[in-house]
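[1] mind folding the following:
(2 chains)
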Amino acid sequence: MTYLLAHGGIVAQRLGEHVVLVAIALAIALPIALPLGVLAARRPRLGAAILATTGALYTIPSLALLALLVVVLGIGPLSAIVALVVYAQLGLVRGVVAGLRGVDPALVEAARGLGLTARQTLLRVEFPVALPVVLGGVRLAAITLVALATVAGWIDAGGLGTLIFEGLAEHHTQPVVVGALAAAALAIAADAALRGAERWARR
Amino acid sequence: MAERRTGGARVELDGVGVQYPNGTLAVRDVTLAIDGGTFAVLLGPSGCGKSTLVRTINRMIEPTSGTVRIDGGDVRARDATLLRREIGYVIQAVGLFPHYTVAENVAVVPTLLGWDRARIARRVDELLGLVSLEPARYRARKPRELSGGEAQRVGVARALAAEPRVLLMDEPFAAVDAIVRRALQDEIARVHREIGTTIVFVTHDVDEALRLADRVVVMNAGRVVQTGQPAEILARPAGDFVRSLVGVDTETRRLVAERPLLS
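    Below is the predicted model:
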């Protein structure tokens, strides 16, 4: 608490960096995951391959992936963001696939029969109906990224992880605890906000 | 009722066959002409190809042989999506869009066709009235707030929105209970009299076919086995299959059989 009072500014800065890291990663990850998810939902065999790949990528330990990325892209936020984009794919693609597969086939039949094109059917009927489930995937991805983004501190990419890693290096417990609690609180807040969005989409 | 008589288009099937990729022949060499304004009912057991056949008319299924013509024009000459906007389509599962209101559902095709908002609003109210749903009460409802019968009335209104000259109905009332089904049958018969569009209606329910049809088309195993007015089908069934299909002597069939043959 004394640490927080004395270093409130730096904690707020690290929190802000953390949010920006996660937001940028999600903003890049979503436009990748949407077409992948549509493709996976439309073609079962290709879909199985896509889901297996995103699942395999997800199992790579985060420190190992970061270490590899640093070799290629160097120290800093870029490597962290690339890693987060990769980890987000599993939740996002699964959400899109589950959402689209859950759409009642009668809706697609009716839409095509009324004279909507395949694209109009996707954008006006399938996506809106699938939206709550897709948002569920976004929520899982966001929570995962909030947790994973702490390791960005290890490669000098900012965020709450910086507090944790600096504290560990300097044998200071307080910044470690503050960083961890702030990351947890951020994850809970993201979860609550996106649950709200899901409820709104279901109305 | 402000609805004008749109008249119905003539629908011709000429040697139509549909073979599925797995080799199954769902429809075999069907030749059939349905005059404009006719209420035609395709009747047959499940799996006889009647749904497949009706879906060739709006190109939801492409025949592997033969030609489908509407008012003399080969449907293959038309873009399938644009063609479907001119053909009403009602399915058993209704398929109302759950995120749209009743009014927005009915407005789907007029919106695609770029009608202006005032015209769409007028048309929506007119159609809800046509299917006996009070516009002020139903316009803003979501599909989940409708009973099965109300949902299918909206389905019919949606299919009729852009004044199609052909209306395809694939087992539209099979999922509702008997009392509601009877009400919906009376409703569609009245709508047909009012707007005079050509209706191609698919059912496996003999009573429904006899009650609604100007012309019954009996199908079995992918072929048309008999066509005629209901009374003709009852009086002179062409062969054992039709006889056994319509043979049970229910009250409806006695009544229909007593109806004089129309000239």
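
[2] buried ones in the worst-scoring helix or strand of chain A on mean pLDDT?
    In chain A, no helix or strand scores lower on mean pLDDT, DSSP states H and E than helix A:2-6, which sits at a mean of 74. Neighbour counts using 16 or more other CB atoms under 10 Å in any protein chain shown place A:3-4 of helix A:2-6 among the buried residues. (C-beta placed from N, C-alpha, C; glycine too.)

[3] what's the answer for stretch B:108-125, then?
    Quick answer for stretch B:108-125 (16+ other CB under 10 Å): B:108-110, B:112, B:115, B:120-121, B:123-125.

[4] likewise for stretch B:16-23?
    B:16-18.

[5] what is the nearest of these to A:Val72?
    When those are compared for distance to A:Val72 (CB to CB), B:Val18 wins out at 54.9 Å.

[6] let me know the pLDDT of that closest one.
    What the model reports for B:Val18 is a pLDDT of 97.

[7] what of A:Gly167?
    89.

[8] which elements pack onto the helix or strand encompassing it?
    Following DSSP states H and E, one finds A:Gly167 within helix A:160-169. Packing partners of helix A:160-169 (3 or more CB pairs under 8 Å, 6 or more residues apart in numbering or on different chains; DSSP states H and E): helix A:8-42, helix A:173-202.

[9] residues of the last one that come out buried?
    Of the residues in helix A:173-202, A:175-180, A:182-183, A:186-187, A:190, A:194, A:197-198, A:201 count as buried by neighbour count, 16+ other CB under 10 Å.

[10] give me every residue in chain A lying close to chain B.
    Within chain A, the residues that sit near chain B (CB under 8 Å from any CB of the partner chain) are A:104, A:106-107, A:109-117, A:120, A:124-125, A:128-129.

[11] only the buried subset of these, as a ChimeraX command please.
    The buried residues among these can be selected in ChimeraX (16+ other CB under 10 Å) with this line:
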select /A:107,109,110,111,112,113,114,115,116,117,120,124,125,128,129
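
[12] narrow the residues of chain A next to chain B to those in helices?
    Using DSSP state H, A:106-107, A:109-114, A:120, A:128-129 are the members of the residues of chain A next to chain B that sit in helices.

[13] for those, name the two members farthest from one another.
    A:Gly113 and A:Pro128 (18.4 Å).

[14] quick one, what contacts the spatially most central residue of chain A?
    Closest to where the C-alpha atoms of chain A average out (CA atoms, centre = their mean) is A:Ala141, at 3.2 Å. By CB atoms under 8 Å, 6 or more residues apart in numbering or on different chains, the contact set of A:Ala141 is A:26, A:29, A:87-88, A:90-92, A:95.

[15] next: B:Ala151.
    B:94, B:96, B:143.

[16] closest to B:Ala213 among the residues you listed?
    B:Val94 (22.2 Å).

[17] CA atoms of stretch B:7-26 as CSV?
    What follows is stretch B:7-26, C-alpha atoms only, in CSV (Å, rounded to 0.1, in the frame of the first residue of the first chain):
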residue,chain,number,x,y,z
GLY,B,7,-51.9,-12.2,-60.9
GLY,B,8,-49.8,-15.4,-61.0
ALA,B,9,-47.0,-16.5,-63.2
ARG,B,10,-47.2,-19.8,-65.2
VAL,B,11,-44.7,-22.3,-64.0
GLU,B,12,-43.5,-25.1,-66.3
LEU,B,13,-41.3,-28.0,-65.5
ASP,B,14,-40.0,-29.8,-68.5
GLY,B,15,-38.3,-33.1,-68.1
VAL,B,16,-36.9,-32.0,-64.7
GLY,B,17,-34.6,-34.5,-63.0
VAL,B,18,-32.5,-34.1,-59.9
GLN,B,19,-29.7,-36.5,-59.1
TYR,B,20,-27.8,-35.9,-55.9
PRO,B,21,-24.0,-36.2,-55.9
ASN,B,22,-24.3,-39.6,-54.1
GLY,B,23,-26.2,-40.9,-57.1
THR,B,24,-29.7,-40.8,-55.6
LEU,B,25,-32.4,-39.8,-58.1
ALA,B,26,-34.6,-37.6,-56.1
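
[18] give me the residues contacting that stretch.
    B:27-38, B:40, B:49, B:52-53, B:56-57, B:61, B:63-72, B:165-166, B:196-200, B:222.

[19] let's see the ChimeraX selection covering just the buried ones among those.
    To isolate in ChimeraX the members of those that are buried, counting by 16+ other CB under 10 Å, one can use:
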select /B:27,28,30,32,34,36,37,38,40,49,52,53,56,57,61,63,66,68,69,70,165,166,196,197,198,199,200,222
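
[20] I'd like the ones in helices among the residues of chain A next to chain B laid out as CSV, including pLDDT.
    Listed next are those as CSV, based on pLDDT from 0 to 100:
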residue, pLDDT
A:Ala106, 96
A:Leu107, 97
A:Glu109, 96
A:Ala110, 97
A:Ala111, 97
A:Arg112, 97
A:Gly113, 97
A:Leu114, 97
A:Gln120, 97
A:Pro128, 96
A:Val129, 96
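
[21] count of neighbours near residue 48?
    Just going to use chain A. 11 (other CB atoms under 10 Å in any protein chain shown).

[22] hmm, no, I was thinking of chain B.
    24.

[23] list the contacts for the nearest residue to B:Pro98 once chain neighbours are set aside?
    Excluding the flanking residues, the one nearest B:Pro98 by CB to CB, 6 or more residues apart in numbering or on different chains is B:Pro143, at 5.3 Å. Shown in contact with B:Pro143 (CB under 8 Å, 6+ apart): B:96-98, B:100, B:102, B:105, B:151, B:154.

[24] so how far is B:Asp207 from the residue of chain B found nearest chain A?
    Nearest residue of chain B to chain A, counting by CB to the nearest CB: B:Gly95, 2.8 Å away. In this view, B:Gly95 and B:Asp207 are 25 Å apart by CB to CB, to the nearest Å.

[25] who has more neighbours, these two?
    In this view B:Gly95 and B:Asp207 are compared by other CB under 10 Å, and B:Gly95 has more residues nearby, 26 against 19.

[26] I'd assumed the more buried one was in a helix, is it?
    No - residue state for B:Gly95 (DSSP: H, G, I helix; E, B strand; the rest coil) corresponds to coil; a helix is not indicated.

[27] quick check: it touching A:Ala111?
    Yes - at 7.4 Å, B:Gly95 counts as touching A:Ala111 under the criterion of CB atoms under 8 Å.

[28] which residue is the nearest non-sequential neighbour of whichever residue of chain A sits closest to chain B?
    Nearest residue of chain A to chain B, counting by CB to the nearest CB: A:Ala110, 2.8 Å away. Nearest-residue entry for A:Ala110: B:Gly95, 2.8 Å, with adjacent residues in sequence omitted and distances by CB to CB, 6+ apart.

[29] which ones are touching that neighbour?
    Contacts of B:Gly95 (CB under 8 Å, 6+ apart): A:104, A:106-107, A:109-111, B:155.

[30] the same query, at a cut-off of 6 Å, please.
    Applying CB atoms under 6 Å, 6 or more residues apart in numbering or on different chains, we find B:Gly95 in contact with A:106-107, A:109-110.

[31] mind listing what's buried in stretch B:174-192?
    B:175-176, B:180-181, B:184-185, B:187-188, B:191-192.
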